[in-house]
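K.L.:
structure of the sequence below:
(2 chains)
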Number of protein chains: 2
Amino acid sequence: MPKVVDIHTHMYPPEYIRLLKSRSAIPLVRSFPGAPDPRLVLLSAEVPLLEKHEEDQQNQKDENLPLPGRPLTRHFSSLDQKLHFMDTHGIDISVVSLANPWLDFLPGSEAGDIAQSINNEFSEMCARHPGRLYFFAALPLTSPLPTIQSAITHASSLPHCRGIILGTSGLGAGLDDPSLLPILTLLASSNLPIFLHPHYGLPNSVYGPRAAQGEYGHVLPLALGFPVETTIALARMFLAGVFEQVPDLKIILAHSGGTLPFLAGRIESCILHDGYLVSSEGGRVNRTERRTLWDVLRTQIYLDAVVYSAVGLRAAVEAAGGADRLMFGTDHPFFPPVGGEAGDEDGEWESVGLNVEAVKGGLDGDDEKVAGVMGENAVRVLRLEGE
Amino acid sequence: MPKVVDIHTHMYPPEYIRLLKSRSAIPLVRSFPGAPDPRLVLLSAEVPLLEKHEEDQQNQKDENLPLPGRPLTRHFSSLDQKLHFMDTHGIDISVVSLANPWLDFLPGSEAGDIAQSINNEFSEMCARHPGRLYFFAALPLTSPLPTIQSAITHASSLPHCRGIILGTSGLGAGLDDPSLLPILTLLASSNLPIFLHPHYGLPNSVYGPRAAQGEYGHVLPLALGFPVETTIALARMFLAGVFEQVPDLKIILAHSGGTLPFLAGRIESCILHDGYLVSSEGGRVNRTERRTLWDVLRTQIYLDAVVYSAVGLRAAVEAAGGADRLMFGTDHPFFPPVGGEAGDEDGEWESVGLNVEAVKGGLDGDDEKVAGVMGENAVRVLRLEGE
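P.N.:
Next comes the predicted model:
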């Protein structure tokens, strides 16, 4: 039987939850009167609502506002729950990663130790369930360069580590920051692919006043802000020449590349028509000899299959140059069923079903390709066999 | 012979260029020493570079910075040039529209008169070339509601007007602003589809410091900011229930929907998993009876075919529910060839060729569908026959 592998699945280990509970700025965990679970508030788009609740509390008002963030259930931190989720959905292997915003908000002086402790915690979880769990390590990106380099060396010494999870802020100036090149080079030479994942989204202003009032729930920052963030980050790396400078770098893009498969053609055209980049007197880019984004997509990039539609999956496969570069994921523990007729979170998750259907529909039921995307590609690319 | 129709093609009539030359804030036209053409500076992403040039000029410094904006050639304002472009590319009919940012920046007291004069100017251009030219009118959105309503009545009285071009700011608060509903309702009852076009992009901060230095030319705001703006605008309208409130409204989305075809699945999933919108205790949205984004795409939305890749075109066709909802466009006079081996702007434009190839490739050479997207759909949808 071909293995089913989930490469996009997160956890907050208990130590991390304690950290969030101690905080007064996002990311944080906070309890609200009347709400059964504490709320996990991660996104800047959720801050206006959080602040309104704080105001109401101070003024002893009750506007019956929606709650900020999402319920912090045991799905976020319990390994048993992760295994239950895997069993419920027929997932043989999970490659677990710390959920956003990882260690990005920690003081540099603390991040190194916390990274080591959290990566060890993931490593021990994996060791307890041989053959079922691997992980992507987190890096202490706010720490000085040598600390980050040590963390990479440490991660690559851990037997179940198969890459690192990275946000888009890098050392603070984005992933096209030249200061990041030594890190990217070390990751490439350590054979640790990057799982590139969004967190920061877009400035709230783009969603307008009704979104700021909470009217649209989390839809806009999650559905649009996240994938656009990933797309911009990758485009900046591409324009900066990172893929030429680190030719062995491998990146797995969350959410099927954000929206890169759809926009790659427009990015390419905008480059070819940019009188500054490509000029008849010779610009920064050589029209005919330059490496295209399509080429980078087909040699240095993998995509997860977390795209929720056959339309999107098909575009992702075509942009990636083949179904062998896509890998199934669930985004657990995010997007649980909302209850009622949608079911409860101990049963089957509709969000998972949507992605399984997208894979099957997008590949027109081609069994071999489906088996590849559902797991065999991950087994091959991330070396998940041999235990 | 099936007609070839270009539904995405812009002009700045001479009156508009004069207006831009008189301005000191964007949008503006400005001359720079040594540059053969004046520069047209439209985007907020171009302002940092514009300001650096102003500083250098004050300090009599020459940092050899790239020029802001783009050359203002005769392609922007000359009708002869438009017709030459059409002839060169085998385009039978063009549905011309004022280019961004339209009349969005005008004082409300002036916008009504200028709209009338510009729409009349377009109307006269069309009348001079029967059967070859139609237009989308511009609205004075900064004016009071009655002025906007008069402009719609005026536009629909002009025999070559086939819709209106609209940016994403609406009356200032976006297209999910309830105050816009009377306008949208009047457009629907006047049988004037909206050609929804981006201009404002995303806040510059998202592109990072290297883009602000001009290193990546215009690539990021044009390739990513524009399509994302369109996507957010449409998603906000959808979440606000505009398509239920104005069920006869028809919208043509620029750039094949921005990136809506790829992200529609994720938007749908994010709605279904939003505990505020869809709750087991009954939220704002009824899980099973709600209208989906797919349904709106397939009944109230058309897409142009300005997507520059077969991958994108195929996704657009699938999301739209069929090739009969896509219509070819060029985006002329933007994206001219850069010269040298790319050719000059009086010849064939590569940007046009890329979109023709995308249509043919994305439709696997199906002649009937290709003829539909290349023109017959526009003839049908926009009633371009009978002269």
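
K.L.:
give me every residue in the stretch 1-150 of chain A lying close to chain B.
P.N.:
A:66-67, A:70-71 (C-beta under 8 Å from any C-beta of the partner chain). Heads up, the C-betas are built off the backbone N, CA and C, glycines and all.

K.L.:
how about 10 Å then?
P.N.:
A:49, A:65-68, A:70-71 (C-beta under 10 Å from any C-beta of the partner chain).

K.L.:
what ranges does the stretch 1-150 of chain A have for its helices?
P.N.:
Counting by DSSP state H, counting those that start in this stretch, the stretch 1-150 of chain A has helices at residues A:14-21, A:47-58, A:79-88, A:108-128, A:145-157.

K.L.:
quick one: closest of the ones you listed to residue B:174.
P.N.:
helix A:47-58 (16.0 Å; C-beta to C-beta).

K.L.:
you'd agree residue A:208 is up against residue B:180?
P.N.:
No - the pair residue A:208 and residue B:180 fails to qualify as a contact (C-beta atoms under 10 Å) at a distance of 11.8 Å.

K.L.:
show me the common contact partners of the two, please.
P.N.:
With contacts taken as C-beta atoms under 10 Å, 6 or more residues apart in numbering or on different chains, residue A:208 and residue B:180 have B:170, B:173-174, B:240 as neighbours in common.

K.L.:
intersect those residues with the contacts of chain A.
P.N.:
B:170, B:173-174, B:240.

K.L.:
among the residues you listed, which ones are buried?
P.N.:
Buried members of those, scored by 16 or more other C-beta atoms under 10 Å in any protein chain shown, are B:170, B:174, B:240.

K.L.:
inside helices: which ones of the shared contacts of residue A:208 and residue B:180?
P.N.:
residue B:240 (DSSP state H).

K.L.:
measure residue A:184 to residue A:145 for me?
P.N.:
12 Å (C-beta to C-beta, to the nearest Å).

K.L.:
and for residue A:117?
P.N.:
20 Å.

K.L.:
how about residue A:194?
P.N.:
From residue A:194 to residue A:145 the distance is 17 Å (C-beta to C-beta).

K.L.:
who has more neighbours out of those two?
P.N.:
Neighbours per residue, other C-beta atoms under 10 Å in any protein chain shown: of residue A:194 and residue A:145, the larger number sits with residue A:194, 21 against 13.

K.L.:
ok, now which ones touch the more buried one?
P.N.:
A:136, A:139, A:163-166, A:175, A:183-184, A:187-188, A:249-253.

K.L.:
ok, so of those residues, who is nearest residue A:42?
P.N.:
For the contacts of residue A:194, the nearest to residue A:42 is residue A:165 (14.9 Å; C-beta to C-beta).

K.L.:
identify, from the shared contacts of residue A:208 and residue B:180, the entry nearest to residue A:80.
P.N.:
Nearest member of the shared contacts of residue A:208 and residue B:180 to residue A:80, counting by C-beta to C-beta, is residue B:240, at 41.7 Å.

K.L.:
where does chain A have low pLDDT?
P.N.:
Scanning chain A for pLDDT under 70 picks out the ranges A:279-283, A:386-387.

K.L.:
wait, residue A:219 sits on residue B:263?
P.N.:
No - using C-beta under 10 Å, residue A:219 is not in contact with residue B:263; the gap is 11.1 Å.

K.L.:
and for the two, which residues touch both?
P.N.:
Counting by C-beta under 10 Å, 6+ apart, the common neighbours of residue A:219 and residue B:263 are B:235, B:270.

K.L.:
how about the strands in chain A?
P.N.:
Secondary structure of chain A (DSSP state E): strands at A:5-11, A:28-30, A:39-41, A:70-71, A:93-98, A:133-138, A:161-166, A:194-196, A:251-253, A:301-304, A:326-327.

K.L.:
which other helices and strands contact the second one?
P.N.:
For strand A:28-30, the packing partners by 3 or more C-beta pairs under 10 Å, 6 or more residues apart in numbering or on different chains; DSSP states H and E come out as helix A:14-21, strand A:39-41, helix A:47-58.

K.L.:
mean neighbour count for those - can I get that in CSV?
P.N.:
As requested, these are exported to CSV (neighbours: other C-beta atoms under 10 Å in any protein chain shown):
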stretch, mean neighbour count
helix A:14-21, 16
strand A:39-41, 23
helix A:47-58, 15
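
K.L.:
columns distance to residue A:198 on top of those, output as CSV?
P.N.:
Formatted as CSV, the helices and strands packed on strand A:28-30 follow (distance: least, C-beta to C-beta, whole Å):
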stretch, distance to residue A:198
helix A:14-21, 19
strand A:39-41, 17
helix A:47-58, 17
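
K.L.:
now for the strands of chain A, which one comes closest to residue B:245?
P.N.:
That would be strand A:70-71 among these, by C-beta to C-beta, at 29.5 Å.

K.L.:
just give me how far that closest one sits from the chain centre.
P.N.:
Distance, stretch centre to chain centre, for strand A:70-71: 18 Å (C-alpha atoms, centre = their mean, to the nearest Å).

K.L.:
partners of it, with directions?
P.N.:
strand A:39-41 (antiparallel) (DSSP bridges).

K.L.:
mind listing residues that contact the partner strand?
P.N.:
Contacts for strand A:39-41 (C-beta under 10 Å, 6+ apart): A:12, A:17, A:20-21, A:23, A:25-32, A:46-47, A:49-50, A:53, A:67-73, A:76, A:99, A:333-334.

K.L.:
tell me the one of the contacts of residue A:194 nearest chain B?
P.N.:
Within the contacts of residue A:194, distances to chain B taken as C-beta to the nearest C-beta reach their minimum at residue A:175, with 8.8 Å.

K.L.:
I'd say the closest one and residue A:243 touch.
P.N.:
No - when contacts are counted by C-beta under 10 Å, residue A:175 is not listed as touching residue A:243 (11.3 Å).

K.L.:
spit out the residues that contact these two alike.
P.N.:
A:184, A:234, A:237, A:251.

K.L.:
in a markdown table, list those along with neighbour count.
P.N.:
Output for the shared contacts of residue A:175 and residue A:243, formatted as a markdown table (neighbours: other C-beta under 10 Å):
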| residue | neighbour count |
| --- | --- |
| A:184 | 21 |
| A:234 | 27 |
| A:237 | 26 |
| A:251 | 24 |
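
K.L.:
columns distance to chain B on top of these, output as a markdown table?
P.N.:
Listed next are the shared contacts of residue A:175 and residue A:243 as a markdown table, based on distance: C-beta to the nearest C-beta, whole Å:
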| residue | distance to chain B |
| --- | --- |
| A:184 | 16 |
| A:234 | 10 |
| A:237 | 11 |
| A:251 | 17 |
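
K.L.:
which of these fall within helices?
P.N.:
Short answer: those in helices (DSSP H) are A:184, A:234, A:237.

K.L.:
including distance to residue B:122, could those go into CSV?
P.N.:
Putting those into CSV (distance: C-beta to C-beta, whole Å) gives the following:
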residue, distance to residue B:122
A:184, 51
A:234, 40
A:237, 43
